[in-house]
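1. here is a sequence with its predicted model. Questions after.
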Amino acid sequence: MLNIAVLPGDGIGPEIISEAIKVLKAISEKRNIDFNFNYYDVGGIAIDKHSNPLPQSTLDACKNSDAVLFGAIGDPKFDKNPDSSLRPEQGLLKLRKELGLYANLRPVRSYSQLFEFSPLKKDIIENVDMLIVRELTGGLYFGEKKSSKTSASDLCEYSIDEIERITEVAVNYAKIRKGKITLVDKANVLETSRLWRKTVQNISKKHSDINFEYMFVDNAAMQMIINPKQFDVILTENLFGDIISDEASAIAGSIGILCSSSIGKNKGLFEPIHGSYPQAKNKNIANPIAAILSAAMMLEFLNLNEESKIIKKAVNISLQNKISTADLNNDNPSTTSEVGDYISKKIKEENL
Ligand code: IPM
Ligand code: MN
């Protein structure tokens, strides 16, 4: 029995997560796998119900589960809240920190079925396949914050240990991928970036089979658009990783299909990289594929590799046959639940 803590969160979170659960139930039926799904509040909904974006009961449940499936958080109604600990986002940040999820893996590839949805030319995005390895529990997100009436500051701090452990993750992936790591930093200006560079350079000496490159983040933002094929594993700190992964989603065709996993020593949390898209809430129009592919990443983490592949194949069929929400289908869009139904049906019926 696998205990999954399900945290749908805010905005479109509940809608896309219910499609991911539908797909996992189809897998469970087909392959005889026993999932136990337990639902918990996080984010804005948790502030409304428990006055806390990460209630203790949610945190405890996540700690005691085999994996966490996460939807999205964020609600504009909290934007004016003067108490910053009562922002929905704080729930996710605290969860990442408490579970020790220091590595955020964001695979980005182009899909031949979706070339027309990328603003970039086909010959630029064709065959792009990269993995963004984003440090997730340090840097500006977690440094000391101060604010007064006239000024504010966020401290960016990294220790060698923090840099080493995320670099090891990048190294392990580079070894099973194309053997290249690009460290994205701002070492011409930032002290923390200089420490990143020095630490990664030291580690690189032990790995002659890996080609290490070093790139300033401003240049990387441009290279992502003009020549994304050059990237295999991108290693970077928290905020840079947040920014370039949204940028990279333009390669895939829609941010609505990009999934991620956040891992640490032994815990794993799986979530779409997109946000809570409040404008689409309850409209049954949001793309559930990022959530469904995040569930597939969760299965891999649980050593259910075959099952994970089945989900990915079914997703490909849905894209191929244009059973897609409006972000990927201008003429005849399907709803969120129709996409989930279709993918589940393919899983049950086809020999994938
Ligand atoms: C992400 C999100 C989060 C982040 C927000 C919601 C706190 O943008 O997972 O990329 O900035 O890490
Ligand atoms: Mn983000």
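-> That came in fine, so what should we check first? Ligands and ions are numbered 1, 2, ... in the order given.

2. mind checking how far the one residue in the stretch 1-150 of the chain that gets nearest to ligand 1 is from residue 184?
-> Closest residue of the stretch 1-150 of the chain to ligand 1, Cβ to the nearest ligand atom: residue 89 (3.9 Å). The way it works is simple: take the backbone N, C-alpha and C, and place the C-beta from them, glycine included. Residue 89 is 23 Å from residue 184, where distance means Cβ to Cβ, to the nearest Å.

3. ok, residue 15 next?
-> 33 Å.

4. of these two, which one has the most company?
-> Legend: neighbour count by other Cβ atoms under 10 Å for residue 15 and residue 184, higher for residue 184 (28 against 25).

5. host element of that one?
-> Assigned by DSSP states H and E, residue 184 falls within strand 180-185.

6. now that strand: mean pLDDT?
-> Taken as a whole, strand 180-185 has a mean pLDDT of 98.

7. next one: whatever residue of the stretch 201-350 of the chain ends up closest to ligand 1 from residue 249, what distance?
-> In the stretch 201-350 of the chain, the residue that lies nearest ligand 1 is residue 242 (4.5 Å; Cβ to the nearest ligand atom). Note on residue 242: its distance to residue 249, by Cβ to Cβ, is 12 Å.

8. pretty sure the residue of the stretch 201-350 of the chain closest to ligand 1 is touching residue 134, no?
-> Yes: judged on Cβ atoms under 8 Å, residue 242 makes contact with residue 134 at a distance of 6.9 Å.

9. neighbour-wise, which of these two wins?
-> Neighbours of residue 242 and residue 134, each counted by other Cβ under 10 Å, are more numerous for residue 134; the result is 27 against 19.

10. next structured bit after the helix or strand containing the residue of the stretch 1-150 of the chain closest to ligand 1?
-> Secondary-structure assignment from DSSP H and E places residue 89 in helix 88-98. Later in the chain than helix 88-98, the nearest helix or strand by DSSP H and E is strand 103-109.

11. chain center to that next one: distance?
-> Between the centre of strand 103-109 and the centre of its chain there are 6 Å (Cα atoms, centre = their mean, to the nearest Å).

12. so which elements touch that strand?
-> Packing contacts for strand 103-109, counted by 3 or more Cβ pairs under 8 Å, 6 or more residues apart in numbering; DSSP states H and E, involve strand 129-135, helix 160-176, helix 238-252, strand 259-263.

13. what is the last one packed up against?
-> Right, the one you point to is strand 259-263. strand 103-109, strand 268-272, helix 289-301.

14. same list (those) but as TSV, adding mean neighbour count, mean pLDDT and distance to ligand 1.
-> Listed next are the helices and strands packed on strand 259-263 as TSV, based on neighbours: other Cβ atoms under 10 Å; pLDDT from 0 to 100; distance: least, Cβ to the nearest ligand atom, whole Å:
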stretch	mean neighbour count	mean pLDDT	distance to ligand 1
strand 103-109	21	97	7
strand 268-272	26	98	7
helix 289-301	25	98	11
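
15. got JSON lines for the ones you listed, with distance to residue 78 too?
-> What follows is the helices and strands packed on strand 259-263, written out as JSON lines (distance: least, Cβ to Cβ, whole Å):
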{"stretch": "strand 103-109", "distance to residue 78": "23"}
{"stretch": "strand 268-272", "distance to residue 78": "19"}
{"stretch": "helix 289-301", "distance to residue 78": "22"}
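
16. which one of these lies closest to residue 213?
-> Between residue 213 and the helices and strands packed on strand 259-263, the tightest spacing by Cβ to Cβ is seen for strand 103-109, at 17.2 Å.

17. which outside residues touch the closest one?
-> Around strand 103-109, the neighbours that count as contacts under Cβ atoms under 8 Å, 6 or more residues apart in numbering are 128-136, 165-166, 169, 173, 241, 245, 248-249, 251-252, 258-264, 273, 297.

18. tell me the residues of the stretch 101-250 of the chain that contact ligand 1?
-> Residues of the stretch 101-250 of the chain found near ligand 1 (Cβ under 6 Å from any ligand atom) are residue 242.

19. I am finished for the moment; much appreciated.
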